[in-house]
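S.K.: What shape does this take:
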Amino acid sequence: MMPALWFGFIFGGAGLIYFIVMIVRGTVNPRKLRSIEHLIESGHVKLALRQVKTLLARNERNIDAHWLLGECYRSGNRPELALVEYKYIINAARFTPGVSERKVCERLGEMYLQLGQLDEAQKEFILLSKRDPDNYELYFKIAQLFEERDYTDSALSHYKKVMSINPSHAPAHFRLGVIYFKKNAVKEAGQELQLAVNLDQENYAPYYYLGKISRMTGDRNNALALFEKALHDRELRQRVYLERANIFVVKKAYEDAVHDLLKAVELGEKDMPVIMAARYLLARCYEAMNDLRGAVEQWEWLYERNPNYADVEGKLSLYGALRADDRLKDFLIAPAEKFGQYCEGIVALLGLKVHQEVSAETDIREYAAYEADRRPMRGESGLCVVRVIRSTDPVGYEDARGLYDMMRKMNATRSVFITASKFTKNAVEFSQIRPVDLIDKEELTKLLQKITI
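M.R.: Prediction:
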């Protein structure tokens, strides 16, 4: 009996010792956990990572160690690896005083967001909101995800849920105002945006949309004042400059518009639709200021990115030769008096002599002229109507028809239409069977080279 008792005692003691050792190995000293957390917080992620992996080598099922490993990966901007660790804890369904289920679900939602997995992120936040129905920040995150995925009605209802719990939540009022603005509910948008401003004086984004509302309602001066405040928002600054420039263009304050547009261009090309709109408007300003070289530079930039953008191709077709042809450039930007001299010189080169100037506008001249080397016989009109236009737009059927009707009204025998642009197919077809001669930019350029002014 004695040997058996001693045998049981020895092996029983060994088993107890082994059990105690396993418990010790499987348990992490709280001080050690805090030490690793401090390393992560202070940015010493690599050192923390080595220590955490040592803990997992001792016990690969240690929940606290998996949590810390996920935190290391999260701090090291490796969300895909952090996600694996947080999922392990959820699937194990084992939690500790320092690693609660709510805490892990929040991290899962963050990682899904960072990885662009919006559906999965939203599922986590919805799950959390059911466990914590008074947490308005969770509803705000859910609303943001609905809005980002264009489920605006669902977003709207969740923003309202936020405000039912916390009426002073300025970001929810702001986002609600933006949704109303996009739905063209201007009155409701203005109310929410103004509330957002009143609740958070440091948030300048609402001023951008309030400025757009003022611009839409025709109050340009108030819009400019609101946009001035919105410039404090770095994210919206480029859009604000574009909005201000549009107002300046309407006011014909082109220098102010150019100033703001150049500021917008300097802010970079992250938002390509905005930068392209800014450069196109900048070209329009340069064109209005007769800085055609500057305009051409902008059109060329736009054409390289998108050849079909607005009327850029047509603009380049018209103005692209200006760098190599100073005479055409001078014709297009010449003041009224000099433009008239060019037009009279063109009429003379056509073998005609001006009888009467019918119309004299900034960019259009119309003349009644006779052939210079002959007089019309009795009963013969011999009159020719000449129209010169330096518009950038192609000349269409209606313009050609208008000149033809004018010719018949004046009892003229023929007419000549001269443009610094080109003629549309319909205009050409109309003129082919009528006494209307067409001279486009290419022929005009040749004539201009022969004129001395």
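
S.K.: Pop out the phi and psi values for residue 415.
M.R.: Main-chain dihedrals, residue 415, degrees, to the nearest 10: phi -150, psi 160.

S.K.: isn't it right up against residue 388?
M.R.: No. With contacts defined as CB atoms under 8 Å, residue 415 does not count as touching residue 388, sitting 11.8 Å away. The C-beta positions use only the backbone N, C-alpha and C, and glycine is treated the same way.

S.K.: Can you give me the pLDDT of residue 187?
M.R.: Per-residue pLDDT puts residue 187 at 95.

S.K.: Quick check: phi and psi at it.
M.R.: With angles defined as degrees, to the nearest 10, residue 187 sits at phi -60, psi -50.

S.K.: And residue 368, by the same measure?
M.R.: Phi and psi for residue 368, reported as degrees, to the nearest 10, are phi -100, psi 120.

S.K.: do the same with residue 76
M.R.: Main-chain dihedrals, residue 76, degrees, to the nearest 10: phi -90, psi 10.

S.K.: Give me the spatial nearest neighbour of it, chain neighbours excluded.
M.R.: Leaving aside its sequence neighbours, residue 76 sits nearest to residue 45 (CB to CB, 6 or more residues apart in numbering; 4.9 Å).

S.K.: Could you list the low-pLDDT ranges of the stretch 351-453 of the chain?
M.R.: Residues of the stretch 351-453 of the chain meeting the criterion pLDDT under 70: 374-381.

S.K.: can you give me the helices in it?
M.R.: Applying DSSP state H, counting those that start in this stretch to the stretch 351-453 of the chain gives helices spanning 397-409, 425-432, 441-448.

S.K.: Can you point out the buried residues in the second one?
M.R.: Across helix 425-432, burial judged by 16 or more other CB atoms under 10 Å covers 427, 428, 430, 431.

S.K.: what does the longest one give?
M.R.: The neighbour-count check on helix 397-409 (16+ other CB under 10 Å) flags 397, 399, 400, 401, 403, 404, 406, 407 as buried.

S.K.: now the buried residues of helix 425-432 in a markdown table, with distance to residue 242?
M.R.: Formatted as a markdown table, the buried residues of helix 425-432 follow (distance: CB to CB, whole Å):
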| residue | distance to residue 242 |
| --- | --- |
| 427 | 35 |
| 428 | 38 |
| 430 | 40 |
| 431 | 41 |
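
S.K.: And the furthest pair within those residues?
M.R.: 428 and 430 (7.3 Å; CB to CB).

S.K.: before we move on, the earlier item: list the residues that contact the residue nearest to residue 76.
M.R.: By CB atoms under 8 Å, 6 or more residues apart in numbering, residue 45 lies in contact with 39, 72, 75, 76.

S.K.: Looking at these, spot the one nearest residue 33.
M.R.: If you rank the contacts of residue 45 by distance to residue 33 using CB to CB, residue 39 comes first, at 10.9 Å.
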